[in-house]
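Asker: I need the structure of the sequence given here:
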Amino acid sequence: MNSIPETAARLLEEGREKFVLQGHNDTVTDCDFHPGGNWLLSSSRDKTLKVWDVRDGRELLTLKGHNGRILRSRFSLDGSHILSLSDDNQLRVWETETGKHLYSFEGCSIRAPWKLLPD
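Answerer: Reported below is the predicted structural model:
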C-alpha cells in the first residue's frame, strides 16, 4: 500500500484501500464513524472538520469555527450532533445534518476525559 499524505485519511474495506479522503490542508488528527455507518468525520490541524460519505468518498460538509487546531472529534451516540475539541480550549457542538454550529464551551482541555452519553 502506498503512503498517503498526513492531510488525508485512508478508508479500507476488508483490508483493501477503498478511498483516500483528501481535502484537509494540514494533518488529520482524528476520525470517527457515524453510528449509521455511512459517514466518516475527520478533524485536522487546519481548524476544520469534514464529513465524508464512505460509500462514494464524497465530502459532504466542512465545518469551520475553531480558532485552534482540532484535536478530537466525535459523533454523538445517536449521530445527530458532532462534538469537537481544539487547542483553543473550546468544545463545540454542531448539528450533523446541516453543519450548523449550536454551542461553544470555553476552558475545555484534551487532558480531561470525555465520553458522549445518550440523551
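Asker: and the nearest residue to Lys64 once chain neighbours are set aside, how many neighbours?
Answerer: For Lys64, ignoring the flanking residues on the chain, the nearest one in space by CB to CB, 6 or more residues apart in numbering is Thr48 at 5.4 Å. For glycine as for every other residue, the C-beta is placed from the backbone atoms N, C-alpha and C. For Thr48, the neighbour count with other CB atoms under 10 Å is 20.
Asker: Thr48 contacts Gly68, correct?
Answerer: No: counting by CB atoms under 8 Å, Thr48 does not reach Gly68; the two are 11.8 Å apart.
Asker: quick check: next helix or strand after the helix or strand of the chain with the lowest mean pLDDT?
Answerer: Every helix and strand in the chain was compared by mean pLDDT, DSSP states H and E; the lowest is strand 8-13, with a mean of 78. Reading on from strand 8-13 to the C-terminus, the next helix or strand found by DSSP states H and E is strand 16-22.
Asker: hmm, back to that, list the contacts of the residue nearest to Lys64.
Answerer: The contact partners of Thr48, by CB atoms under 8 Å, 6 or more residues apart in numbering, come to 24-25, 62-64, 66, 70.
Asker: can you name the residues that contact Gly37?
Answerer: Val54.
Asker: any idea of the pLDDT on it?
Answerer: Turning to Gly37, the model gives it a pLDDT of 90.
Asker: the one 3 residues further on now?
Answerer: According to the predicted model, the pLDDT of Leu40 comes to 94.
Asker: ok, now Thr62?
Answerer: Note for Thr62: predicted pLDDT of 96.
Asker: do the same with Arg74
Answerer: Looking at Arg74, its pLDDT reads 93.
Asker: for it, the count of nearby residues, please.
Answerer: 19.
Asker: Ser43 versus that one, what's the distance?
Answerer: 9 Å (CB to CB, to the nearest Å).
Asker: so for Met49, what's the nearest residue that isn't a sequence neighbour?
Answerer: If you look again at residue 49, you'll see it is Leu, not Met. In space, Leu49 is closest to Leu63, 4.1 Å off (CB to CB, 6+ apart).
Asker: show me the contacts for that neighbour.
Answerer: 48-51, 82, 84, 94, 99, 101.
Asker: where does it land in three-state SS?
Answerer: strand (DSSP: H, G, I helix; E, B strand; the rest coil).
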